[in-house]
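*Asks:* Sequence and predicted structure, then a few things I'm wondering about:
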Amino acid sequence: MATNVVLLLLILLAVSVPVAAAIGVLAIFVGENYSTMPVIRAIAESFWQTGREAILIAIPLFILLGEILLRSGIAQRMYDAMAKWLSWLPGGLMHSNIGACAMFSATSGSSVATAATVSTVALPEVDKRGYNERLFLGTLAAGGTLGILIPPSINLIVYGLLTDTSVPDLYLAGFLPGFLLASLFMITVIIACMWRPSWGGERIRATWGERFRSLIDLVPPLLLFMVVVGSIYAGFATPTEAASLGVVFALILAACYGRLSLKMILRAVEGAMTTSAMVMLIILAAVFLNFVLGVAGVIQAMTQGITSMGLEPFELLFLIIGFLIVLGCFMETYSMLILTAPLLVPIIAGLDFGLGSADANKVWFGIIMIILLEAALITPPVGVNLYVVQGVRGRGSITDTIVGSLPFVLTMFIMIGLIIVFPAITLNIFQDYVVPHISWFFEDFLGSLFRESGPPAGGSK
């Protein structure tokens, strides 16, 4: 039964049926052939209940946030500042590509928006400064993938919804791996340019005065990051409320830069609606499919089949990772996440990896899975970021972008190995050391300022 379900899905995707439609057709097929109940009658209730989930509101809000940043000029200023600080390294502006992607990821939550924005700013520099074009393209495609790992990540929200995992815990777990992966990307560039110095192109020279003056252009994205993520961990806002705060703050920043206009808002809303409609339809269809698979016993059959293989927990983990690597070559990341997370996470949660609890297993595996989704974004033939960067480039063959991205795929596998060997990277460091300081800053320090500035005792309320 499980084999038939997988084969039908692959056939539907192979003949280019839209993902949401393929998932819906698969759900109806399973319900009609393997369920003893008329589950098709539950489709309206499933859509309604899923659509009412408050956490889902964060998705279109974060997409809108990315659209506003894309059109406000903040990205250009941020990239120029990164260039002044990082271009002295072997590889020059390629480090600025990765740094700008990391910072933009920390505000937009979207991989596609990150790759498109930074590529638009950076690609004119390739020929002008004599970089190796393939490696330069690879830094843009790989750097863009950080958008689904560094909080606020839309994919982490979807993962949390599908697997009943705390989104704030997932955001905490994604911080260090996200910025550590960005650092590994930069090390990859340094190694490549030390091996072939001609690939590094012309470096941008900047005085210390110019560097320090450019820091002002890094302040807006940092403030936006504090508003969005800081409000979550201070207990001021849920992820959904934090997303709405981010949109309002992004509009304020656009106004400060003189870029806020009705035309800009309409274009941002239009772009956000188009992307949100696609994502939400896939989510609704996938949640209904998960319901049907559960009623028909497919999930239970797959779980029993995998566990009956008698593999040790880490052997099973590596088998699942290999499966996701292969699947990532042929499926779009949202579809891959939505279809596989509800099937695989219950298996991982029930195994003993020495992490202490099923919830810890889910958070830890969630970060591993998101990095595998990042790899899927830059592996052919369905690597979305490859096509985004090539589309912005507008010339040549996509083979250049693919070849340039391959070293960074290997870097992602190294990152996954580090997380497996040192799970504290995702589970302990931020919870033990960073969160207490965040809570102190927002609750005690700022709270005391507000209390001191309040009305005097006995005054009007």
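*Replies:* It's in. Numbering: from 1, shown residues only.

*Asks:* S276 and I63 touch, don't they?
*Replies:* Yes - S276 is within contact range of I63, at 5.4 Å (criterion: CB atoms under 8 Å). To be clear about C-beta, it is placed using only N, CA and C from the backbone, and glycine gets the same treatment.

*Asks:* buried ones in stretch 213-225?
*Replies:* In terms of neighbour count (16 or more other CB atoms under 10 Å), stretch 213-225 has its buried residues at S214, D217, L218, P220, P221, L224, F225.

*Asks:* Just the mean pLDDT for the one helix or strand the last one maps to, thanks.
*Replies:* Spelled out, it's F225. In the assignment (DSSP states H and E), F225 maps to helix 219-225. Taken as a whole, helix 219-225 carries a mean pLDDT of 84.

*Asks:* Who are the packing partners of it?
*Replies:* helix 74-86, helix 93-108, helix 239-256 (3 or more CB pairs under 8 Å, 6 or more residues apart in numbering; DSSP states H and E).

*Asks:* repeat that for 10 Å
*Replies:* helix 58-71, helix 74-86, helix 93-108, helix 239-256 (3 or more CB pairs under 10 Å, 6 or more residues apart in numbering; DSSP states H and E).

*Asks:* Any regions of the stretch 1-150 of the chain where pLDDT drops low?
*Replies:* Along the stretch 1-150 of the chain, the model assigns pLDDT under 70 to residues 1-6, 9-10, 13-14, 16, 19, 108-110, 113.

*Asks:* my bad, the stretch 301-450 of the chain
*Replies:* Along the stretch 301-450 of the chain, segments meeting pLDDT under 70 span 301-304, 306-307, 330-332, 381-382, 428-450.

*Asks:* cutoff 80 now
*Replies:* 301-310, 327-335, 339, 380-384, 387-388, 391-392, 394, 427-450 (pLDDT under 80).

*Asks:* Against I204, how distant is R211?
*Replies:* Using CB to CB, to the nearest Å, one gets 11 Å for the distance from R211 to I204.

*Asks:* Tell me which residues touch the spatially most central residue of the chain, please.
*Replies:* The centre of the chain sits closest to I148, judged by CA atoms, centre = their mean, with a distance of 0.6 Å. When contacts are counted by CB atoms under 10 Å, 6 or more residues apart in numbering, I148 touches 105, 109-112, 114, 154-156, 158-159, 174, 178, 333-334, 337, 370-371, 373-374, 377.

*Asks:* Derive a PyMOL selection command for the buried subset of those residues.
*Replies:* Selection of buried members from the contacts of I148 for PyMOL, criterion 16+ other CB under 10 Å:
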select buried, resi 105+109+110+111+112+114+154+155+156+158+159+174+178+333+334+337+370+371+373+374+377
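
*Asks:* taking the contacts of I148 one by one, which sit in strands?
*Replies:* Judged by DSSP state E, those include no members of strands.

*Asks:* I'd like to know which of the contacts of I148 are part of helices.
*Replies:* Per DSSP state H, helices hold the following members of these: 105, 111-112, 114, 154-156, 158-159, 174, 178, 333-334, 337, 370-371, 373-374, 377.

*Asks:* mean confidence score for stretch 175-189?
*Replies:* Regarding stretch 175-189, the rounded mean pLDDT is 92.

*Asks:* buried set for that stretch?
*Replies:* In stretch 175-189, counting by 16+ other CB under 10 Å, buried: F175, L176, P177, G178, F179, L181, A182, L184, F185, M186, T188, V189.

*Asks:* Stretch 391-405 now?
*Replies:* V392, R393, I398, D400, T401, I402, G404, S405.

*Asks:* wait, which of those is closest to F353?
*Replies:* S405 (30.2 Å; CB to CB).

*Asks:* who's in contact with that closest one?
*Replies:* Residues near S405 by CB under 10 Å, 6+ apart: 134-135, 137-142, 145, 375, 377-380, 383, 385-386, 389.

*Asks:* which among these end up buried?
*Replies:* Among the contacts of S405, the ones that count as buried by 16+ other CB under 10 Å are 134-135, 137-142, 145, 375, 377-379, 383, 385-386, 389.

*Asks:* hang on, the earlier thing: mind checking which of R211 and I204 has more residues around it?
*Replies:* The residue with more neighbours, out of R211 and I204, is I204; 17 against 14, by other CB atoms under 10 Å.

*Asks:* Kindly list the main-chain dihedrals of that one?
*Replies:* Here is the backbone geometry of I204 (degrees, to the nearest 10): phi -80, psi 130.

*Asks:* hmm, back to that, determine the set of other helices and strands touching the helix or strand following the helix holding F225.
*Replies:* Helices and strands here follow DSSP H and E; after helix 219-225, the next one along the chain is helix 231-233. The contact analysis (3+ CB pairs under 10 Å, 6+ apart) places helix 231-233 against helix 167-195, helix 239-256, helix 435-439.

*Asks:* Now render these as JSON lines, adding distance to F29.
*Replies:* As requested, the helices and strands packed on helix 231-233 are exported to JSON lines (distance: least, CB to CB, whole Å):
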{"stretch": "helix 167-195", "distance to F29": "32"}
{"stretch": "helix 239-256", "distance to F29": "34"}
{"stretch": "helix 435-439", "distance to F29": "46"}
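
*Asks:* Show me which positions of the helix or strand encompassing W48 end up buried.
*Replies:* Using DSSP H and E, W48 sits within helix 43-51. For helix 43-51, the neighbour count (16+ other CB under 10 Å) marks I43, S46, T50 as buried.

*Asks:* right, and the last one touches L289 too?
*Replies:* No - with contact taken as CB atoms under 10 Å, T50 and L289 are classed as non-touching, separated by 11.4 Å.

*Asks:* Next up, the contacts around G201.
*Replies:* By CB under 10 Å, 6+ apart, the neighbours of G201 are 87, 91-94, 125-133, 135-136, 193.

*Asks:* Which of the buried residues of stretch 391-405 fall within strands?
*Replies:* Reading strands off those, I find no matches (DSSP E).

*Asks:* what's the farthest-apart pair in these?
*Replies:* Of all pairs in these, the most separated under CB to CB is V392 and I402 at 15.3 Å.

*Asks:* what's the longest helix in the chain?
*Replies:* The chain, longest helix under DSSP H: helix 262-296.

*Asks:* buried set for that one?
*Replies:* 264-265, 268, 271-272, 275-276, 279-293, 295-296.

*Asks:* and that helix with helix 43-51, angle?
*Replies:* The directions of helix 262-296 and helix 43-51 differ by 120 degrees, with axes from the mean of the first three to the mean of the last three CA atoms, to 10 degrees as the criterion.

*Asks:* just the helices in the stretch 301-450 of the chain please.
*Replies:* For the stretch 301-450 of the chain, the helices defined by DSSP state H, counting those that start in this stretch occupy 313-328, 333-349, 358-377, 384-393, 398-421, 424-427, 429, 435-439, 446-452.

*Asks:* highest average neighbour count across those helices?
*Replies:* helix 358-377 (a mean of 23; mean count of other CB atoms under 10 Å).

*Asks:* chain center to that one, what's the gap?
*Replies:* Centroid separation for helix 358-377 versus its chain: 11 Å, with CA atoms, centre = their mean, to the nearest Å.

*Asks:* same thing with stretch 127-147?
*Replies:* 19 Å.

*Asks:* for it, how far is the first residue from the last?
*Replies:* One end of stretch 127-147 to the other measures 27 Å (CA to CA, to the nearest Å).
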